[in-house]
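> Give me a 3D structure for the following:
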Amino acid sequence: MEPPFEHEPGCPEAIAQGCTCPPQTGPGAVIGSDGTPGFVCEKDCPIHGIQVVKRALAEGWAKIVQRDEPTRH
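Numbers count the residues shown, from 1 in each chain. Next up, the predicted model:
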């Protein structure tokens, strides 16, 4: 499986390519109820948005979390 994205959300390289996600330092910006680390992503981000999340879900790189948790992948 190929990772869902080349650059982490909010990093300078991703922002240079049009990323609109907030800056963060590696996985761990969000911790799921099962303790797994994740990223905070903007749903409309052209690099990390919903279309990429759909592909990541299909390939097993992301999972759906409870509704009261922030979006992460």
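> only C-alpha atoms for contact and neighbour calcs from this point on.
Fine.
> longest single helix anywhere in the protein?
Assignment by DSSP state H gives helix 50-58 as the longest helix of the chain.
> tell me which residues of it are tucked away?
For helix 50-58, the neighbour count (16 or more other CA atoms under 10 Å) marks 50, 52-53, 56 as buried.
> now do stretch 29-36
So stretch 29-36, judged by 16+ other CA under 10 Å, has buried residues 29-32.
> Now the terminal residues of it, how far apart.
The first residue of stretch 29-36 is 11 Å away from its last residue (CA to CA, to the nearest Å).
> try stretch 19-35
Stretch 19-35 end-to-end distance (CA to CA) = 26 Å.
> How far off centre is that stretch?
Relative to its chain's centre, stretch 19-35 lies at 7 Å (CA atoms, centre = their mean, to the nearest Å).
> which residues touch E42?
E42 makes contacts with 20-22, 48-49, as judged by CA atoms under 8 Å, 6 or more residues apart in numbering.
> For those, which two are the farthest from each other?
Every pair in the contacts of E42 was compared (CA to CA); the two farthest apart turn out to be P22 and G49, at 12.3 Å.
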